[in-house]
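J.: With the input below, show me the fold.
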Amino acid sequence: MKTYKNYLFDLYGTLVDIRTDEHDDLMWTRLSYAFGMEGMDLSAEYLREKYFSEVTALQKKDRAVKGQFAEIDLAHVYKAICRDRGYDVTDRQIEQIAKIFRVLSLHKLCLFDGAVDLLVRLRNAGKGVYLVSNAQELFTMPEFEFFGLEKYFDGIILSSSVGYKKPGTEIYEIALERFGLDPEETVMVGNDDRADCWGAHNAGLDSMYVFTEQSPKLINPLPENCRVLETIGDAF
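T.: Below is the predicted model of the structure:
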């Protein structure tokens, strides 16, 4: 079995078990209350319609400039929601709004069994451990700190921060260059065959695939340089 010096990890669906629902009517009603407590009179109907329309518009704009795998930053969406109704908001307020939005949409958030043990074993073995995830910094960094994961990682790449997402090769290339990693010594570990396995393959990396409840249905075969794991703990 091939050994690696560096491990790139996906987060949600791989290390963290998560369920969210952004289409729950009650969530938008409660979010309207939260905005009201910040002095902003924004109805649940406005918030919901503006959120999804702004996300769509930003995605279209970014893809026109950066290509198919461009990623937006939801901070711009929250700012547009407020400013289009005449409310100026600080970065701190945006961070708070994002946390409230996330908590209201959450149905489940926990670490997968064996995730922390795996990270500890990798660190103790002197491996490089990095996060390369399709994720929003506004949500992910507070959750990362909530679980105490930061101490296990040598570096973090989030799609919202670099403007590109998996399975595009750009986000992998950014990670390899930023952290000075040799593709031959590096493996991507994730639960999404397209984003994590084929994305890594197209960037010249091996991969490991673990199936979880969040994994998309497998339609095509996995790459030949992908190893299937029974559990996340089997990555090392």
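J.: and the residue most central in space within the chain, what does it touch?
T.: The centroid of the chain falls nearest to A135 when counting by CA atoms, centre = their mean (2.1 Å). Applying CB atoms under 8 Å, 6 or more residues apart in numbering to A135 gives the contacts 11-12, 158-160. Every C-beta, even on glycine, is put in place using the N, C-alpha and C of the backbone.
J.: Return the subset of those lying in strands.
T.: Mapping the contacts of A135 onto strands (DSSP state E) picks out L158.
J.: Can you tell me which of the contacts of A135 has the largest number of neighbours?
T.: Neighbour counts for the contacts of A135, by other CB atoms under 10 Å, peak at S159, which reaches 26 neighbours.
J.: my guess is it contacts E170, does it?
T.: No. The pair S159 / E170 is not scored as a contact, 9.7 Å apart, by CB atoms under 8 Å.
J.: Centre of the chain to stretch 131-139, how far?
T.: In terms of CA atoms, centre = their mean, to the nearest Å, the gap separating the centre of stretch 131-139 from the centre of its chain is 3 Å.
J.: what about the longest helix in the chain?
T.: helix 44-66 (DSSP state H).
J.: isn't there a strand covering the residue nearest to the centre of the chain?
T.: No. Assignment of A135 by DSSP: H, G, I helix; E, B strand; the rest coil gives coil, placing it outside any strand.
J.: who's in contact with the longest helix of the chain?
T.: Helix 44-66 is contacted from outside by 22, 25, 28-29, 31-32, 35, 70-72, 74, 76-77, 80-81, 84-85, 163-164, 170, using CB under 8 Å, 6+ apart.
J.: give me that answer again for 10 Å
T.: 22-35, 40, 42-43, 69-74, 76-82, 84-85, 101, 163-164, 168, 170 (CB atoms under 10 Å, 6 or more residues apart in numbering).
J.: Same question for stretch 17-27.
T.: Counting by CB under 10 Å, 6+ apart, 11-12, 28, 30, 44-45, 47-48, 51-52, 55, 101-113, 115, 139, 143, 212-214 sit against stretch 17-27.
J.: What of stretch 217-229?
T.: 1-2, 187-191, 193-194, 196-202, 204-211, 234-235.
J.: Going by neighbour count, list what's buried in that stretch.
T.: Using 16 or more other CB atoms under 10 Å as the test for burial, stretch 217-229 gives 223, 226-227.
J.: Among those residues, which lie within helices?
T.: Per DSSP H, those never map to helices.
J.: now, which of these sits nearest I97?
T.: Proximity of these to I97 (CB to CB) peaks at C226, which lies at 38.8 Å.
J.: Quickly note the distance from the closest one to V16.
T.: According to CB to CB, to the nearest Å, C226 and V16 sit 21 Å apart.
J.: do E145 as well
T.: Between E145 and V16 the computed distance is 13 Å (CB to CB).
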